[in-house]
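Trainee: build me a model:
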Amino acid sequence: MDTRTLCLAILQKGAASGYEIKKKLEEMPYRIFQEVGFGSIYPALNRLLEAGHVTVQAQAQRKRPDKKVYAITANGRQELEGSLLHPPAQDRFRSDFLFVLFHSELLAHEELADLFDTRITELKSTIDQMHACDLSGASPGARFVHGYGLTYYENALDYLCTHREWLLDETEARRQTTSATWCPEVSSTVPGGDR
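Mentor: Residues are numbered from 1 along each chain as shown. Below you'll find the predicted structure:
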(Lines give C-alpha, C1' and ligand atoms only; values in the text may rest on other atoms or scores of the structure.)
Protein backbone atom coordinates (compact mmCIF):
# COMPACT_ATOMS: atom_id res chain seq x y z
CA MET A 1 0.00 0.00 0.00
CA ASP A 2 1.46 3.36 -0.91
CA THR A 3 1.71 6.30 1.49
CA ARG A 4 -1.08 8.25 -0.20
CA THR A 5 -3.54 5.40 0.33
CA LEU A 6 -2.47 5.06 3.96
CA CYS A 7 -2.99 8.81 4.50
CA LEU A 8 -6.45 8.64 2.92
CA ALA A 9 -7.35 5.68 5.13
CA ILE A 10 -6.42 7.66 8.25
CA LEU A 11 -8.20 10.80 7.03
CA GLN A 12 -11.42 8.97 6.21
CA LYS A 13 -11.73 8.45 9.98
CA GLY A 14 -11.34 12.19 10.63
CA ALA A 15 -9.26 15.28 9.88
CA ALA A 16 -5.64 15.21 11.06
CA SER A 17 -2.28 16.93 10.72
CA GLY A 18 0.70 15.23 9.11
CA TYR A 19 2.14 14.58 12.56
CA GLU A 20 -1.14 13.04 13.76
CA ILE A 21 -1.27 10.82 10.67
CA LYS A 22 2.27 9.60 11.36
CA LYS A 23 1.39 8.85 15.01
CA LYS A 24 -1.67 6.85 13.94
CA LEU A 25 0.42 4.88 11.45
CA GLU A 26 2.82 4.00 14.29
CA GLU A 27 0.01 2.70 16.52
CA MET A 28 -2.05 -0.45 16.34
CA PRO A 29 -3.55 -1.58 14.11
CA TYR A 30 -1.86 0.47 11.35
CA ARG A 31 1.71 -0.30 12.44
CA ILE A 32 1.26 -3.94 11.43
CA PHE A 33 0.21 -3.06 7.89
CA GLN A 34 3.07 -0.92 6.57
CA GLU A 35 6.07 1.02 7.78
CA VAL A 36 5.98 4.65 6.64
CA GLY A 37 8.76 7.18 7.10
CA PHE A 38 7.81 10.62 8.40
CA GLY A 39 9.54 12.19 5.40
CA SER A 40 7.14 10.49 2.97
CA ILE A 41 3.91 11.72 4.57
CA TYR A 42 4.10 15.42 3.61
CA PRO A 43 4.99 14.76 -0.05
CA ALA A 44 2.08 12.29 -0.19
CA LEU A 45 -0.27 14.87 1.37
CA ASN A 46 0.90 17.50 -1.14
CA ARG A 47 0.16 15.13 -4.05
CA LEU A 48 -3.26 14.35 -2.56
CA LEU A 49 -3.93 18.08 -2.19
CA GLU A 50 -2.94 18.76 -5.81
CA ALA A 51 -5.21 15.93 -6.98
CA GLY A 52 -8.16 17.29 -4.98
CA HIS A 53 -8.31 14.24 -2.73
CA VAL A 54 -7.78 16.26 0.47
CA THR A 55 -8.25 19.81 1.66
CA VAL A 56 -6.03 21.65 4.11
CA GLN A 57 -6.85 24.26 6.69
CA ALA A 58 -4.46 26.26 8.85
CA GLN A 59 -5.23 25.93 12.53
CA ALA A 60 -3.78 28.57 14.86
CA GLN A 61 -1.65 27.34 17.77
CA ARG A 62 -0.51 29.31 20.76
CA LYS A 63 3.16 30.35 20.50
CA ARG A 64 3.70 27.95 17.59
CA PRO A 65 3.32 28.10 13.83
CA ASP A 66 -0.12 27.30 12.42
CA LYS A 67 -0.88 23.60 12.16
CA LYS A 68 -2.01 22.26 8.77
CA VAL A 69 -5.04 20.02 9.23
CA TYR A 70 -5.98 17.77 6.31
CA ALA A 71 -9.44 16.39 5.54
CA ILE A 72 -10.52 13.88 2.91
CA THR A 73 -12.79 15.00 0.08
CA ALA A 74 -15.48 13.03 -1.77
CA ASN A 75 -12.91 12.49 -4.57
CA GLY A 76 -10.46 11.28 -1.94
CA ARG A 77 -12.96 8.71 -0.67
CA GLN A 78 -13.47 7.48 -4.23
CA GLU A 79 -9.68 7.27 -4.69
CA LEU A 80 -9.35 5.30 -1.45
CA GLU A 81 -12.13 2.90 -2.46
CA GLY A 82 -10.51 2.44 -5.88
CA SER A 83 -7.12 1.74 -4.27
CA LEU A 84 -8.68 -0.95 -2.08
CA LEU A 85 -9.89 -2.75 -5.21
CA HIS A 86 -6.34 -3.32 -6.49
CA PRO A 87 -4.99 -6.77 -5.69
CA PRO A 88 -2.79 -6.43 -2.60
CA ALA A 89 0.93 -7.06 -2.95
CA GLN A 90 2.30 -10.24 -1.46
CA ASP A 91 2.98 -9.95 2.27
CA ARG A 92 6.60 -9.31 3.20
CA PHE A 93 7.81 -10.73 6.46
CA ARG A 94 11.05 -9.55 8.01
CA SER A 95 12.25 -10.59 11.43
CA ASP A 96 15.50 -9.85 13.23
CA PHE A 97 14.44 -12.48 15.76
CA LEU A 98 14.24 -15.23 13.11
CA PHE A 99 17.53 -14.07 11.59
CA VAL A 100 19.22 -14.56 14.97
CA LEU A 101 17.56 -17.99 15.41
CA PHE A 102 18.69 -18.97 11.91
CA HIS A 103 22.26 -18.48 13.18
CA SER A 104 21.55 -19.95 16.63
CA GLU A 105 24.71 -22.06 16.61
CA LEU A 106 26.74 -18.87 17.06
CA LEU A 107 25.07 -18.08 20.39
CA ALA A 108 25.86 -19.54 23.79
CA HIS A 109 23.14 -21.73 25.29
CA GLU A 110 22.22 -19.07 27.87
CA GLU A 111 22.04 -16.31 25.23
CA LEU A 112 19.73 -18.41 23.07
CA ALA A 113 17.54 -19.30 26.06
CA ASP A 114 17.32 -15.60 27.03
CA LEU A 115 16.36 -14.68 23.46
CA PHE A 116 13.51 -17.21 23.54
CA ASP A 117 12.34 -16.12 26.98
CA THR A 118 12.31 -12.45 26.03
CA ARG A 119 10.27 -13.11 22.88
CA ILE A 120 7.86 -15.38 24.77
CA THR A 121 7.31 -12.64 27.37
CA GLU A 122 6.75 -10.05 24.62
CA LEU A 123 4.23 -12.27 22.83
CA LYS A 124 2.32 -12.95 26.05
CA SER A 125 2.15 -9.21 26.70
CA THR A 126 0.90 -8.51 23.16
CA ILE A 127 -1.74 -11.25 23.46
CA ASP A 128 -2.90 -9.85 26.82
CA GLN A 129 -3.20 -6.37 25.27
CA MET A 130 -5.19 -7.75 22.35
CA HIS A 131 -7.55 -9.65 24.67
CA ALA A 132 -8.12 -6.37 26.55
CA CYS A 133 -9.18 -4.49 23.39
CA ASP A 134 -12.74 -3.21 23.38
CA LEU A 135 -14.13 -4.18 19.98
CA SER A 136 -17.76 -3.36 20.75
CA GLY A 137 -17.87 -0.46 18.27
CA ALA A 138 -15.38 -1.88 15.79
CA SER A 139 -16.25 -2.60 12.17
CA PRO A 140 -16.49 -6.24 10.99
CA GLY A 141 -13.21 -5.76 9.10
CA ALA A 142 -11.46 -4.43 12.21
CA ARG A 143 -12.77 -7.35 14.28
CA PHE A 144 -11.60 -9.80 11.60
CA VAL A 145 -8.10 -8.28 11.47
CA HIS A 146 -7.95 -8.33 15.28
CA GLY A 147 -8.87 -12.02 15.31
CA TYR A 148 -6.35 -12.79 12.56
CA GLY A 149 -3.60 -11.00 14.48
CA LEU A 150 -4.51 -12.68 17.75
CA THR A 151 -4.44 -16.09 16.07
CA TYR A 152 -1.03 -15.29 14.56
CA TYR A 153 0.47 -14.25 17.90
CA GLU A 154 -1.07 -17.17 19.82
CA ASN A 155 0.26 -19.66 17.26
CA ALA A 156 3.70 -18.04 17.28
CA LEU A 157 3.74 -18.28 21.09
CA ASP A 158 2.64 -21.91 20.99
CA TYR A 159 5.35 -22.77 18.45
CA LEU A 160 8.07 -21.04 20.47
CA CYS A 161 7.03 -22.69 23.73
CA THR A 162 6.66 -26.12 22.12
CA HIS A 163 9.99 -26.04 20.25
CA ARG A 164 12.20 -23.95 22.56
CA GLU A 165 13.91 -26.94 24.14
CA TRP A 166 14.26 -28.69 20.79
CA LEU A 167 16.26 -25.82 19.29
CA LEU A 168 18.33 -25.36 22.45
CA ASP A 169 19.20 -29.08 22.53
CA GLU A 170 19.85 -29.40 18.79
CA THR A 171 21.99 -26.27 18.70
CA GLU A 172 24.03 -27.43 21.68
CA ALA A 173 24.52 -30.90 20.16
CA ARG A 174 25.60 -29.40 16.84
CA ARG A 175 27.97 -27.01 18.57
CA GLN A 176 29.62 -29.92 20.36
CA THR A 177 30.01 -32.12 17.29
CA THR A 178 31.18 -29.67 14.66
CA SER A 179 32.51 -26.20 14.10
CA ALA A 180 31.80 -26.33 10.36
CA THR A 181 29.46 -23.85 8.70
CA TRP A 182 25.88 -24.97 9.10
CA CYS A 183 23.60 -25.25 6.08
CA PRO A 184 20.02 -26.04 7.14
CA GLU A 185 18.09 -28.75 5.35
CA VAL A 186 14.38 -29.22 5.70
CA SER A 187 13.55 -32.72 6.91
CA SER A 188 10.98 -34.50 8.98
CA THR A 189 13.22 -34.02 12.06
CA VAL A 190 12.75 -30.25 11.90
CA PRO A 191 9.62 -28.98 13.65
CA GLY A 192 7.05 -28.38 10.96
CA GLY A 193 9.26 -30.04 8.31
CA ASP A 194 6.85 -32.92 7.91
CA ARG A 195 3.97 -30.68 6.79
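
Trainee: which residue sits closest to the residue nearest the centre of the chain, ignoring its sequence neighbours?
Mentor: When Cα atoms, centre = their mean is applied to the chain, the residue found nearest the centroid is residue 32 (2.3 Å). Residue nearest to residue 32 in three dimensions, not counting chain neighbours: residue 149, with 6.6 Å by Cβ to Cβ, 6 or more residues apart in numbering. (Each C-beta comes from the backbone N, C-alpha and C, glycine too.)

Trainee: cool, residue 44 as well?
Mentor: Nearest non-adjacent residue to residue 44, counting by Cβ to Cβ, 6+ apart: residue 3, 4.0 Å away.

Trainee: my guess is the one you found contacts residue 40. True?
Mentor: Yes: Residue 3 is within contact range of residue 40, at 4.7 Å (criterion: Cβ atoms under 8 Å).

Trainee: out of those two, which sits in the busier spot?
Mentor: A count of neighbours by other Cβ atoms under 10 Å puts residue 3 above the other of residue 3 and residue 40, at 21 against 15.

Trainee: who's in contact with that one?
Mentor: If you count contacts by Cβ atoms under 8 Å, 6 or more residues apart in numbering, residue 3 has them with 36, 40-41, 43-44.

Trainee: how about 6 Å then?
Mentor: 36, 40, 44 (Cβ atoms under 6 Å, 6 or more residues apart in numbering).
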